[in-house]
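# sequence first, predicted model second:
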Amino acid sequence: MTTIIAVVSQKGGAGKSTIARLLAVEGANREQRVKIADLDLLQGTATNWNMRRQRAGRTPAIDVQTFGAVDQAIRDRSGFDLIVIDGAPHASTQTAQAAKSAGLTVIPTKSTLDDLTAALGLARELVAKGVAKPTRVLFVLNQTTDSGAEVGEARQWLLEGGFPVTEAHIPLKTGYSRALDAGDGLNEAKHPSLQGRARVVAGEIFDYLDALKGEG
């Protein structure tokens, strides 16, 4: 059975494509047949990243395809163990469709109040529309500062908003941006500590998804 994870955001720059690529590489490292369905027809961030990855000869190879609609993106789901939907850069009808088709919707957000408010608003909208249950929406704090207090406050704010949040988070580091520029995922960054932090985040997301499957 194919697992579908939708990575969506209300605002551009939240790290949606970054998390989508992290999950795709992690899934491939777990010997899953993986596809990123890139719904951003204008920027094609994941698609361009994969071109760099192919030129660099990086392994595991990741299948990335661009689609104009969610139903097209998941039509060939039987050929993959994992499909990661990299949503459009802003909330849209496709965002709701992606969430409805997914077993888990991941919403990355920065830790500023502006970003948190927008992200929480998106999650509540998806629940209000009946396309996702609160337990099937998972927040990930991305591009965080070095302030543990700020990260803790942001995480608590989301939890009090009624949604789960990963314990681990992705800090804003040059090593991560350089990895993406080179066609790598965050979990393939050159510095082992950065690799480890990214893998913990990805592992938490997959563990949460497995727990949901266990609940039926």
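Good, I have the coordinates.
# the longest strand belonging to the chain: what's the following helix or strand?
Longest strand of the chain, by residue count under DSSP state E: strand 137-144. Sequence order places helix 148-160 as the next helix or strand after strand 137-144, per DSSP states H and E.
# tell me what that next one is packed against?
The contact analysis (3 or more CB pairs under 8 Å, 6 or more residues apart in numbering; DSSP states H and E) places helix 148-160 against helix 113-128, strand 137-144. In short, each C-beta sits where N, CA and C put it, glycine included.
# quick one: average pLDDT of the helix or strand following that helix?
Remark: after helix 148-160, the chain's next helix or strand is strand 170-171, criterion DSSP H and E. Per-residue pLDDT over strand 170-171 has a mean of 97.
# low pLDDT regions in the protein?
Under the criterion pLDDT under 70, the flagged ranges of the chain are 91, 216.
# now the strands: where do they sit in it?
With strands called from DSSP E, the chain shows them at 3-7, 34-38, 63-66, 82-86, 104-109, 137-144, 170-171.
# export the ones you listed as CSV, with columns for mean neighbour count.
Below are the strands of the chain laid out as CSV (neighbours: other CB atoms under 10 Å):
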stretch, mean neighbour count
strand 3-7, 26
strand 34-38, 26
strand 63-66, 18
strand 82-86, 28
strand 104-109, 27
strand 137-144, 24
strand 170-171, 20
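# okay, those strands in JSON lines with distance to L122 next?
Formatted as JSON lines, the strands of the chain follow (distance: least, CB to CB, whole Å):
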{"stretch": "strand 3-7", "distance to L122": "12"}
{"stretch": "strand 34-38", "distance to L122": "19"}
{"stretch": "strand 63-66", "distance to L122": "23"}
{"stretch": "strand 82-86", "distance to L122": "15"}
{"stretch": "strand 104-109", "distance to L122": "6"}
{"stretch": "strand 137-144", "distance to L122": "9"}
{"stretch": "strand 170-171", "distance to L122": "19"}
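# for A154, which of those strands is the nearest?
strand 137-144 (5.8 Å; CB to CB).
# helices and strands around the closest one, which ones?
Here strand 137-144 touches helix 16-29, strand 104-109, helix 113-128, helix 148-160, strand 170-171, helix 192-215, going by 3+ CB pairs under 8 Å, 6+ apart.
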